[in-house]
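> Sequence plus the predicted model coming up.
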Amino acid sequence: MIPAQFEYVRAGSVDEAVSALNEDAKVLAGGQSLIPLMRLRLAYPEVVVDVSRVDEMRGIREEGDRLVIGAATTHGEVLRDQLVRTHCPVIAEVTATVADPAVRHRGTFGGSIAHADPAGDLPALALALDASMTVAGRNGRREVPAAEFFVDYLQTAVAPDEVLVAVSVPKLGDGWGHRYEKFNRVAQAWAMVGAVAVVQRSNGSIGSARIGLVNVGSTPVRAAAVEAALAGAEASPDAVAAAAEAASEGIAPTTDIHASAEYRAHLARVLTRRAVAAAAEV
Amino acid sequence: MRLEHEFTVPVPVERAWEALLDVERVAPCMPGATIESVEGDSFTGKVKVRVGPVTVAYTGTASFLEKDAATRRVVVQAKGRETRGAGTAAATVTAVLNQIDDGTKVNVETDLAITGRPAQFGRGVMDEVGAKLLGQFADCLADRLGAGEPAPERGEPAVTGESAATGEPVAGESAAGPPTAGAPTAGAPTAGEPTVGEPSRGAAASPAAGPQERPTSDTINLVQVAGGSIAKRVLPVVAVIAGAIIVWVVVRGLRG
């Protein structure tokens, strides 16, 4: 289908983007979610503000012990980035599973997070990493922690007249392991359920674990009960398996043609166990 | 597809039944609904729901199949067509009121058939949005029933003027019945109308918050429904619920 008529604004800077935004505007980055929605006429913004050529919003840089990823950096760029691969390789692992190569070529890191589909891979990752989002509006910029960013289904703390500029994540040093377990039937499909685990190992025990769950609620979910059970636990298959049983606590999966809520809860437990075990190398 | 929703209001069943027929009181509680006309046994209205980037608007017609005061049961058949698209939806909605210890339980059962719109989401939301919409509806209703009168204005004052401006009279209906006809509270709904914008302020932000920010197209033409008979009045209420459920289904239908 052909989208409804809209005005197109190509922003050259974050300020230009912000000044073009309003209640009936949408930010366009890679367009892998917005354009299909517009073509289906499920979304009909009056103004589309293209930020894909805003230099400030592209690329990845170091800032002390953090990596700052421009929101309009494509998945492909993130995947191949040396800083990402060195300091936070879990981002590359997760990004490699996003949809298909064509989508990864156009789609952006920040776009995926701002779209906030709880079945998306990156929102759960951002949550697990305690990422910090830089959001720009008319009154300047603010930092929103991932824990407060995902408000509801497809809704974030970003107001209609604001734009997500960058996402900052902590560098994970030595001793951190990671694994993303994504369960889907075909490679480019959404995760039926996914679990991303980042685990710090120290002398045969687990120092700390951060676990994000995909597609088990209206937002991405932290498996807080599992994290608590793992903190200081012995790094053994049994301990991990016991802790992972708590993965279905506090989640609200739905039933659809792909899977029942019960099956999704089961997947959450199994995938969490696998992801943590692999990340902790037990 | 079959859907079930349930909510309770803290008043006896007689009062809840009566209140549910009182469209001036009830209709503003339903987020995103506009009633356009009531003609005999059928009713035309719109429901618009905004979830993140998605806006789904349906124009629908509902006809009244059954209204049984003895069993507190109403059945409405609704058909909706996308305002901006080719999708369609049809629903049969049955609402039953039951007395429980501390109030009235309302069960809404919906049978749905949807066409159009392929998937572009990893996760569908009909249950979530549906539960939230109904939750808001029930909260607002409970508020109003508890207070005995339309709740005081809680919405953004700015929308008051807008809502008044959108109360376009529809030929025939409002001409015969001026605002006062059969509606001693004609003024009250207008004052209460901004609550369409924020039926439950206490609740966390929800998808339903989207459409409520746009009261312009979501307000209800109280002038014309105020003059209607009881039969006419019950219809919009249930049809509005039906319409909302249609939207939820559409949104859910998107699930890959």
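Nice, thanks for sending it over.

> For the stretch 101-250 of chain A, what lies in contact range of chain B?
Contact residues of the stretch 101-250 of chain A with respect to chain B, defined by C-beta under 8 Å from any C-beta of the partner chain, are listed as A:115-120, A:151-155, A:189-191, A:215, A:218. Any C-beta I mention is one placed from the backbone N, CA and C, and that applies to glycine too.

> surely A:Ala166 meets A:Gly70?
Yes - contact between A:Ala166 and A:Gly70 holds when scored by C-beta atoms under 8 Å: they sit 5.4 Å apart.

> what do those two both touch?
With contacts defined as C-beta atoms under 8 Å, 6 or more residues apart in numbering or on different chains, the residues shared by A:Ala166 and A:Gly70 are A:Met57, A:Gly110.

> So between those two, which is more surrounded?
Neighbours per residue, other C-beta atoms under 10 Å in any protein chain shown: of A:Ala166 and A:Gly70, the larger number sits with A:Ala166, 28 against 25.

> ok, now which ones touch that one?
Under the criterion of C-beta under 8 Å, 6+ apart, the neighbours of A:Ala166 are A:Met57, A:Val68, A:Ile69, A:Gly70, A:Ala71, A:Gly110, A:Met133, A:Thr134.

> pretty sure B:Ile100 contacts B:Thr8?
Yes - using C-beta under 8 Å, B:Ile100 makes contact with B:Thr8 at a distance of 6.7 Å.

> what about these two, which has more around it?
Between B:Ile100 and B:Thr8, counting by other C-beta under 10 Å, B:Thr8 is the more crowded of the two (17 against 12).

> so which strand or helix has that one?
Element membership for B:Thr8, per DSSP states H and E: strand B:2-9.

> Sheet-wise, list the partners of that strand with their directions.
Within its sheet, strand B:2-9 is paired with strand B:103-115 (antiparallel), according to DSSP bridges.

> what about the strands in the stretch 101-250 of chain A?
The residue ranges that make up the strands of the stretch 101-250 of chain A, judged by DSSP state E, counting those that start in this stretch, are A:132-137, A:140-145, A:150-152, A:155-156, A:163-170, A:176-183, A:193-202, A:205-214, A:221-222.

> of all the ones you listed, which lies closest to B:Pro12?
Using C-beta to C-beta as the criterion, the shortest distance between B:Pro12 and those is 34.4 Å, found for strand A:150-152.

> The closest one pairs with which strands, and in what direction?
Using DSSP bridges, strand A:150-152 pairs in its sheet with strand A:155-156 (antiparallel).

> number of nearby residues for the residue lying closest to A:Leu21 once chain neighbours are set aside?
Taking C-beta to C-beta, 6 or more residues apart in numbering or on different chains as the measure, A:Leu21 lies nearest to A:Asp161, with 4.4 Å between them; neighbours along the chain are not counted. The number of residues packed near A:Asp161 is 16, by other C-beta under 10 Å.

> per-residue confidence at A:Asp161?
Here, the pLDDT recorded for A:Asp161 equals 95.

> For it, what are phi and psi?
Phi and psi for A:Asp161, reported as degrees, to the nearest 10, are phi -100, psi 20.

> any idea which helix is longest in chain A?
Scanning chain A for the helix with the most residues, using DSSP state H, yields helix A:261-280.

> thinking again about what came up before, quick one: buried residues of the strand holding B:Thr8?
Within strand B:2-9, the residues scored as buried using 16 or more other C-beta atoms under 10 Å in any protein chain shown are B:Leu3, B:His5, B:Phe7, B:Thr8, B:Val9.

> Please apply the same query to stretch A:71-83.
When neighbours are counted by 16+ other C-beta under 10 Å, the buried residues of stretch A:71-83 are found to be A:Ala71, A:Ala72, A:Thr73, A:Thr74, A:His75, A:Gly76, A:Glu77, A:Val78, A:Leu79, A:Asp81, A:Leu83.

> per-residue confidence for the closest residue to the fifth one other than its chain neighbours?
To tie it back to what came earlier, the one meant is A:His75. The spatial neighbour of A:His75 that comes closest, neighbours along the chain excluded (C-beta to C-beta, 6+ apart), is A:Arg104 at 3.8 Å. Per-residue confidence (pLDDT) for A:Arg104: 98.

> So what sits opposite the closest residue to A:Ala231 other than its chain neighbours in the bridge?
Counting by C-beta to C-beta, 6+ apart, A:Ser208 is the residue found nearest to A:Ala231 once chain neighbours are left out, at 5.7 Å. For A:Ser208, the beta-bridge partners are A:Gln200 (DSSP bridges).

> one step back: you'd agree the residue nearest to A:Leu21 is up against A:Val18?
Yes - with contact defined as C-beta under 8 Å, A:Asp161 and A:Val18 form a contacting pair (7.1 Å).

> any shared contact partners between these two?
Common contacts of A:Asp161 and A:Val18 (C-beta under 8 Å, 6+ apart): A:Gly137, A:Arg138.

> For the closest residue to A:Ser236 other than its chain neighbours, list the residues it contacts.
With C-beta to C-beta, 6+ apart as the measure, A:Val282 is the residue that lies nearest to A:Ser236, at 5.7 Å, once sequence neighbours are left out. For A:Val282, the contacting residues are A:Ala235, A:Ser236, A:Pro237, A:Ala239, A:Val240, by C-beta under 8 Å, 6+ apart.

> Is it correct that A:Val282 falls within a strand?
No - if the criterion is DSSP: H, G, I helix; E, B strand; the rest coil, then A:Val282 is coil and not within a strand.

> Okay, it and chain B: tell me how far apart.
Here A:Val282 is placed at a distance of 30 Å from chain B (C-beta to the nearest C-beta, to the nearest Å).

> now the helix or strand of chain A at the bottom of the mean pLDDT ranking: how far from the chain's centre is it?
Taking mean pLDDT, DSSP states H and E as the measure, helix A:34-39 is the helix or strand of chain A with the lowest mean score, a mean of 90. Per C-alpha atoms, centre = their mean, to the nearest Å, the displacement of helix A:34-39 from the mean C-alpha position of its chain is 20 Å.

> Please apply the same query to stretch A:161-173.
Its chain's average C-alpha position is 11 Å from that of stretch A:161-173, according to C-alpha atoms, centre = their mean.

> what does stretch A:190-208 give?
In terms of C-alpha atoms, centre = their mean, the gap separating the centre of stretch A:190-208 from the centre of its chain is 16 Å.
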